[in-house]
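fold the following, please.
(2 chains)
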Protein chains: 2
Amino acid sequence: MTDIHDLTRKLQRQNDSKIVLFVADGLGGLPREPGGKTELETANTPYLDALAARGVLGLSTPVIPGIAPGSGPGHLGLFGYDPLKYNIGRGVLEALGIDFELGGDDVAIRGNFCTVDDAGNITDRRAGRIASEIGARLCEKLDKIEIPGVEVFVRPVKEYRLVIVFRGTGLSGEIDDTDPQRTGVPPLDPLPRDDASAATAEIAKTFIRKAADVLREDAPANLLTLRGIAKRPAIPTYEEVYGLRSAAIAVYPMYRGLARLVGMDVLDAGATVDDQLDRLEAVWNDYDFFFVHYKYTDSTGEDGNFDAKVSRTEEVDAAMPRISALKPDVLVVTGDHSTPSKLKAHSWHPVPVLLAAETCRFDPCERFGETECLQGGLGQFAAKFLMPLALAHAGRLEKYGA
Amino acid sequence: MTDIHDLTRKLQRQNDSKIVLFVADGLGGLPREPGGKTELETANTPYLDALAARGVLGLSTPVIPGIAPGSGPGHLGLFGYDPLKYNIGRGVLEALGIDFELGGDDVAIRGNFCTVDDAGNITDRRAGRIASEIGARLCEKLDKIEIPGVEVFVRPVKEYRLVIVFRGTGLSGEIDDTDPQRTGVPPLDPLPRDDASAATAEIAKTFIRKAADVLREDAPANLLTLRGIAKRPAIPTYEEVYGLRSAAIAVYPMYRGLARLVGMDVLDAGATVDDQLDRLEAVWNDYDFFFVHYKYTDSTGEDGNFDAKVSRTEEVDAAMPRISALKPDVLVVTGDHSTPSKLKAHSWHPVPVLLAAETCRFDPCERFGETECLQGGLGQFAAKFLMPLALAHAGRLEKYGA
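Here you go, the predicted model:
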């Protein structure tokens, strides 16, 4: 089908409306047993319920039914970008996750420290899960590696994980992983997938050779493997496809990076929701669209802590009065995917969506929860359609055709 | 995805069934406040409710969520043509709107009379909104313009608006507008978008030059601008894609034109619903498919007159007994889009659909209205799927695959 943005590019209309997209990460959940309530349904959410009563509910599918998305595709969908069209490589996501400002021509790589024996065979693919401090110190040494014609950045992530970025011209991300996915064999060579990638593969090879030299005495972290070698995808910006001046108020680097990918201004704020709302209030007149990201509904779900997820959901609820007081024309509260504490993981279950605006065809729903969402006026829909809906309710789209 | 018509072309089956598609233009609405009823829900509609009880309800999305369609894409969707695939240019729609019979090679243009000063700069893009009588008189003069190798038709629309049609061979619609969208500058040249359009652009230029001469003494309408230059899209006919002999009983020219585009026989009828039903009864044996168009649910919505839209909806209801008496195998009542009187405009909200046939999987709905449609057996679906559903219920589609 036609790209949504082919429509929104042409139909976008400017006005003074404000749209807030509040993402409670991993919002959707599961009841513990048949007949039970989900985390969201268990939570006491008077403010969200009031919004539900004067808005519409629905359920969004992040990618396609059955597919549990990572944070990248989850957010791209919410931002209105088809997550099957725009693919964010693992290396890019890792780089975004440490707040590294990736350029359009940079190649980002997720590295793993590993242990090799005298014969060069891998004995531990995670280098004994070395402490983060050790990883950081080794990255400092690796960061000094020089390769003619290319700038090399090496940054620690956590424990045995690191990010490598090559910066130069004509680089390619079409290079295979070097992690053989098993022990007892040497790392693979970084093989180019096409002729145009041969030079970059050579750079990767040189990097690995020099890294082996640098890490010679650093067992168990005496080598590294490269994974998810990728450039950032060419994504059109919010300004371009929606005509929106947009701001992201997110604490965690990965979400800041995802927002940056679509051209949002990424604003700094303190770590609490109140800090985020302070920032939101402070910049209210400077933007049309605000992405506010809240992490803890996801992390408590990943921990399998039902009660903690309920509490965190109530924290989301408590944030609503300050947002409503700003009188956004459109307020959307949803998640990028479900993270049921029962599964301790991202899941494929449809995600609760609440959209409040004056132009809603109010549905009978009066509480924000999965069961009521199933009866909601938005129905079940692909997450990528949320942005055109928000724009429509904000009066920011012209009629299509005469 | 695969074109619906690739399927219906292969699977179409002939029988004696009759399908009626009754389009109450702009049918969908909005309640005035949370908890309130829409226009359709407020209306007293015993006959539609009886149909709802023995049929299925649902909600259709004309284009994609969030997109408010014009009448062109709205009807194309209902007719089963993907409105993102088949694009009807503004000029074509204007020509259809005055009942001009456009040929497949004709180029249709929406013209605006404008005022230019001695320096050739536009001082009024709408020529002081001259009276329709003046516009008509000027069009008569312009209609006499002769350009070698091409036939020129000039027809008045209303006030400062007119339609120009070039008829010839090898003409192209890929030419830019000449309206600069502001005053104080001269009209733009009609620029071809590709080499193949250069000759047609020259014709347009010649036309403008001669028109300037004709209109020399007719200030404030002493020039014109050209917009929406387009040929009609190549649309396969109902006969071809569905195997249906189809008739349109529509009063307003634009809907007659849209029906003509897809190959329907466009029948004349008086202006009232009863006149339309007289016609329907008279030709009942001559066709398989009947498109009946009712305008006033849209126009009252556009006027922002909730109560009038309610009354007009009751007029639609009153038409049902005569249609039911004909015993159509499939009766569909729906709109081409929503026109909530609250918004005074076409909107993106899903459109109520009622389908009554012996083969329905009856749902629990007993009243035709947006809230019940949300619970209906058809669910929420893209409008373009309505025709395959109607064909299926009419027994007019073979099984797909063995």
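
and A:Leu354, that's in a strand?
Yes: A:Leu354 forms part of a strand when assessed by DSSP: H, G, I helix; E, B strand; the rest coil.

excluding its backbone neighbours, what's nearest it?
A:Val333 (4.5 Å; CB to CB, 6 or more residues apart in numbering or on different chains). In this view, the C-beta of every residue, glycine as well, is placed from N, C-alpha and C.

average model confidence for stretch A:327-347?
Mean pLDDT, computed over stretch A:327-347, is 98.

just how off-centre is that stretch within its chain?
Centroid displacement of stretch A:327-347 relative to its chain, using CA atoms, centre = their mean, to the nearest Å, is 13 Å.

how about it: buried residues?
Neighbour counts using 16 or more other CB atoms under 10 Å in any protein chain shown place A:328-343, A:346-347 of stretch A:327-347 among the buried residues.

which strands and helices sit next to the longest helix along chain A?
For chain A, the longest helix by residue count, based on DSSP state H, is helix A:306-325. If contacts are counted by 3 or more CB pairs under 8 Å, 6 or more residues apart in numbering or on different chains; DSSP states H and E, helix A:306-325 sits against strand A:19-24, helix A:39-42, helix A:46-53, helix A:273-282, strand A:289-294, helix A:296-302, strand A:330-334.

repeat that with 10 Å
Helices and strands touching helix A:306-325, by 3 or more CB pairs under 10 Å, 6 or more residues apart in numbering or on different chains; DSSP states H and E, are strand A:19-24, helix A:39-42, helix A:46-53, helix A:273-282, strand A:289-294, helix A:296-302, strand A:330-334, strand A:351-356.

give the buried residues for it.
In terms of neighbour count (16+ other CB under 10 Å), helix A:306-325 has its buried residues at A:306, A:308-310, A:312-314, A:316-317, A:319-320, A:322-323.

most widely separated two among the residues you listed?
Farthest-apart pair in the buried residues of helix A:306-325 is A:Phe306 and A:Arg322; separation 27.0 Å (CB to CB).

coming back round to it: quick check: the residue nearest to A:Leu354 touching A:Ala319?
Yes: in this structure, A:Val333 is within contact of A:Ala319 by CB atoms under 10 Å, at 9.3 Å.

what's the most buried one of the helices and strands packed on helix A:306-325?
Each of these was scored by mean neighbour count; the highest is strand A:351-356, a mean of 28, by mean count of other CB atoms under 10 Å in any protein chain shown.

now the angle from that one to helix A:46-53?
Here the directions of strand A:351-356 and helix A:46-53 differ by 80 degrees (axes from the mean of the first three to the mean of the last three CA atoms, to 10 degrees).

now the residue in the stretch 251-400 of chain A that chain B sits nearest to: closest residue in space that isn't a chain neighbour?
Closest to chain B within the stretch 251-400 of chain A is A:Pro388: 3.0 Å, counting by CB to the nearest CB. Nearest residue to A:Pro388 in three dimensions, chain neighbours excluded: B:Gly66, at 3.0 Å (CB to CB, 6+ apart).

which ones are touching the one you found?
B:Gly66 makes contact with A:4, A:7-8, A:11, A:80, A:381, A:385-393, A:396-397, A:400, B:348-349, according to CB atoms under 10 Å, 6 or more residues apart in numbering or on different chains.

same thing but 7 Å
Each residue near B:Gly66 by CB atoms under 7 Å, 6 or more residues apart in numbering or on different chains is listed here: A:385, A:388-389, A:391-392, A:397, B:348.

now, which of the residues you listed lie within helices?
A:388-389, A:391-392.

from the residues you listed, which two are the most distant?
With CB to CB as the measure, no two of these lie farther apart than A:Leu389 and A:Leu391, at 7.3 Å.

who's in contact with the spatially closest residue to A:Lys327 that is not a sequence neighbour?
Closest residue to A:Lys327 apart from its sequence neighbours, by CB to CB, 6+ apart: A:Lys18 at 7.8 Å. By CB under 7 Å, 6+ apart, the contact set of A:Lys18 is A:288, A:328-329.

what's the first-to-last distance across stretch A:215-235?
By CA to CA, to the nearest Å, the extent of stretch A:215-235 from end to end equals 37 Å.

would you mark the buried spots in that stretch?
Neighbour-count burial for stretch A:215-235 flags A:215, A:218, A:220-233, A:235 (criterion: 16+ other CB under 10 Å).

list the contacts of that stretch.
A:81, A:86-92, A:102, A:104, A:106-116, A:124, A:127-128, A:130, A:134, A:138, A:160, A:173, A:175, A:177-179, A:187, A:190, A:204, A:211-212, A:261-262.

check stretch A:292-312 too.
Under CB under 7 Å, 6+ apart, the answer for stretch A:292-312 is A:20, A:22-27, A:29, A:32, A:39, A:42-43, A:249-252, A:255, A:273, A:276, A:280, A:313, A:316, A:335, A:339-341, A:344-345.

now with 8 Å?
A:20-27, A:29, A:32, A:39, A:42-43, A:248-252, A:255, A:259, A:273, A:276-277, A:280, A:313, A:315-316, A:319, A:323, A:335, A:338-342, A:344-346 (CB atoms under 8 Å, 6 or more residues apart in numbering or on different chains).

the strands in chain A, which residues?
For chain A, applying DSSP state E gives strands covering A:19-24, A:55-61, A:107-116, A:122-124, A:151-158, A:161-167, A:223-231, A:246-249, A:265-266, A:289-294, A:330-334, A:351-356, A:379-382.

quick one, what contacts the residue nearest to A:Phe385 when sequence neighbours are not counted?
Nearest non-adjacent residue to A:Phe385, counting by CB to CB, 6+ apart: B:Pro65, 4.0 Å away. With CB under 8 Å, 6+ apart as the criterion, the residues that contact B:Pro65 are A:378, A:381, A:385, A:388-389, B:348.

hmm, back to that, just the contacts of B:Gly66 now: which is nearest A:Gly55?
A:Leu389 (11.5 Å).

how many residues are close by the residue nearest to A:His393 when sequence neighbours are not counted?
For A:His393, ignoring the flanking residues on the chain, the nearest one in space by CB to CB, 6+ apart is A:Ala357 at 3.9 Å. Applying other CB atoms under 10 Å in any protein chain shown, we find 21 other residues in the vicinity of A:Ala357.
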